[in-house]
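>>> Fold the following.
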Amino acid sequence: MHEKPSIEANKALSAPLSNTARYVDFEGADDPEHPQNWRLSTNLANGLLSVLFLDETYPPCILVAKAAALREESQNSNIRARHDDIEVSIADLVEKYFTRPLTLLFTEPIILVVSVYMSFIYGLVYALLEAYPFVFEHVYGMTPAFAGLMFIGLIIGVVLACAFILFGQLAYARKLAENKGIAVPEWRLAPTLLGAPVFTIGLFWFGWTGFTPQIHWAAPAAAGIFIGFGVLCIFLPCFNYIVDAYLPIAASAVAANIILRSAVAAGFPLFSRQMFQNMGIQWAGTLLGCLAAIMIPIPIIFRNYGPWLRGKSKVFP
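Residues are numbered from 1 along each chain as shown. You can find the predicted model right below:
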């Protein structure tokens, strides 16, 4: 692996994950007042659908199609692309895209523990989509439109985290050069050492400033900066860590991670509003903060013992 491709590849993989738009309701809470908002969400949906019908860009598929066209044109059956001779059975597809990710999830401690941590972070992002309106509309009496602006704190935190992580890439590139281009996966976890405690502080801050209107609304809104910063400083490095640690089978390792965190993210919004309502905002925030605090040692443990765990892996004997 060369230094630049390794760094740039992980940037490309990470870019969609850092999209701050995930924190914004594109229909807009003020949709009745500004009915043009529906056009934005509709255009986004149409744009996504249009991607499905764009021309193929994957080189092997393009070569296969080109070879087929040349065979048809020249009537020469010997014209073949390399991928024409690759046969993939249904059993191979099931093993690669279904069985292997599940096996990795339950047999590889690194994938399991990191995925649990990322799932908690990912689920909390969706929980906040329910918690923010509850806090700022019910406690502070804001309109849905104004309450939606409180997500700006999260976005500011994410932007700051992006700058922090990009700055950290300079140190990563320097280490990579000193190690003759050989990447050590645990280097990826450096931002989490700051992100994990900052994230925990943000949760306690949000819970204990957002439960009463006697505390200015700017206090819980500012907590979003810490939460947004922590979310990205945990999520992206952990994602890149999984990719680097299981590089030959990175697709399956990432799939295992996605299976767990998507399931958790789907469940969090189902109970988050009820949790904040029944437990009280301060105690719900305390519960989430305590869970986050318990998980702070996870990246530290992998930074110190990750190489030993990878050495015990059944995937790389």
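
>>> any idea how far Ile156 lies from Lys312?
Between Ile156 and Lys312 the distance, using C-beta to C-beta, to the nearest Å, works out to 41 Å. Quick note: C-beta positions are derived from backbone N, CA and C, even for glycine.

>>> Those two: which has the busier surroundings?
Comparing Ile156 with Lys312 by neighbour count (other C-beta atoms under 10 Å), the higher total belongs to Ile156, at 17 against 11.

>>> Now that one. Nearest residue, chain neighbours left out?
Distance criterion C-beta to C-beta, 6 or more residues apart in numbering; nearest residue to Ile156, sequence neighbours excluded, is Ile225 at 5.1 Å.

>>> Dihedrals phi and psi, Ile182?
phi -90, psi 120 (degrees, to the nearest 10).

>>> That one - how many residues pack around it?
The local packing of Ile182 (other C-beta under 10 Å) involves 11 other residues.

>>> what's the answer for the one 5 residues further on, then?
Other residues near Trp187 come to 19 when the count uses other C-beta under 10 Å.

>>> could you list every residue that touches it?
Going by C-beta atoms under 8 Å, 6 or more residues apart in numbering, Trp187 touches 172, 175-176.

>>> try 7 Å
Going by C-beta atoms under 7 Å, 6 or more residues apart in numbering, Trp187 touches 172, 175.

>>> can you check Ala256 too?
Contacts for Ala256 (C-beta under 7 Å, 6+ apart) come out as 101-102, 104-105, 111, 115.

>>> Restrict the residues you listed to the buried ones and give me that as a ChimeraX selection.
Buried subset of those, written as a ChimeraX selection, criterion 16 or more other C-beta atoms under 10 Å:
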select :101,104,105,111,115
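
>>> What is the most widely separated pair among the contacts of Ala256?
Leu102 and Ser115 (11.7 Å; C-beta to C-beta).

>>> which one is Met295 nearest to, not counting chain neighbours?
Tyr117 (5.4 Å).

>>> List the residues that contact Tyr132.
Taking C-beta under 7 Å, 6+ apart, we find Tyr132 in contact with 147, 150-151.

>>> out of the contacts of Ala256, who's nearest Lys180?
Nearest to Lys180 among those, with distances taken as C-beta to C-beta, is Ile111, at 27.5 Å.

>>> related to what we said a few turns ago, tell me which element the residue nearest to Ile156 is part of?
Assigning secondary structure by DSSP states H and E places Ile225 in helix 218-245.

>>> So which elements touch that helix?
If you count contacts as 3 or more C-beta pairs under 7 Å, 6 or more residues apart in numbering; DSSP states H and E, helix 218-245 packs onto helix 3-14, helix 109-133, helix 152-178, helix 192-209, helix 250-279.

>>> Just want the angle from the second one to helix 152-178.
Meaning helix 109-133. Here the directions of helix 109-133 and helix 152-178 differ by 160 degrees (axes from the mean of the first three to the mean of the last three C-alpha atoms, to 10 degrees).

>>> in helix 109-133, what's buried?
110-133.

>>> got the phi/psi numbers for Val88?
Torsion angles, degrees, to the nearest 10, at Val88: phi -120, psi 120.

>>> still on that earlier bit, is the residue nearest to Met295 in contact with Ile298, as I believe?
Yes - the criterion here is C-beta atoms under 7 Å, and Tyr117 meets it with Ile298 at 5.1 Å.

>>> what residue ranges in the stretch 201-317 of the chain score low on pLDDT?
316-317 (pLDDT under 70).

>>> From Ser262, how far out is Phe226?
Taking C-beta to C-beta as the measure, Phe226 falls 25 Å from Ser262.

>>> on that earlier part again, please state the offset of the helix holding Ile225 from the chain centre?
Distance of helix 218-245 from the chain centroid (C-alpha atoms, centre = their mean, to the nearest Å) equals 9 Å.

>>> Likewise for stretch 190-200?
15 Å.

>>> Now do it, average pLDDT.
Throughout stretch 190-200, pLDDT has a mean value of 96.

>>> contacting residues around that stretch?
With contact meaning C-beta under 7 Å, 6+ apart, stretch 190-200 is reached by 164-165, 168, 226-227, 229-231, 233-234, 237-238, 289, 292-293, 296, 299-300.

>>> Select only the buried ones of those in PyMOL?
A single PyMOL command selects the buried members of these (16+ other C-beta under 10 Å):
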select buried, resi 165+168+226+227+229+230+231+233+234+237+238+289+292+293+296+299
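
>>> Convert the C-alpha atoms of stretch 159-174 to PDB, please.
C-alpha atoms of stretch 159-174 as PDB (Å, rounded to 0.1, in the frame of the first residue of the first chain):
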ATOM      1  CA  VAL A 159     -17.600  20.700  11.300                       C
ATOM      2  CA  LEU A 160     -15.100  21.200  14.100                       C
ATOM      3  CA  ALA A 161     -14.600  17.400  14.200                       C
ATOM      4  CA  CYS A 162     -14.000  17.300  10.500                       C
ATOM      5  CA  ALA A 163     -11.300  19.900  10.900                       C
ATOM      6  CA  PHE A 164      -9.800  18.100  13.800                       C
ATOM      7  CA  ILE A 165      -9.700  14.800  12.000                       C
ATOM      8  CA  LEU A 166      -8.200  16.300   8.900                       C
ATOM      9  CA  PHE A 167      -5.500  18.000  10.900                       C
ATOM     10  CA  GLY A 168      -4.800  14.600  12.500                       C
ATOM     11  CA  GLN A 169      -4.200  13.100   9.100                       C
ATOM     12  CA  LEU A 170      -1.000  15.100   8.900                       C
ATOM     13  CA  ALA A 171       0.400  13.200  11.900                       C
ATOM     14  CA  TYR A 172      -1.000   9.900  10.400                       C
ATOM     15  CA  ALA A 173       0.800  10.600   7.100                       C
ATOM     16  CA  ARG A 174       4.000  11.300   9.000                       C
END
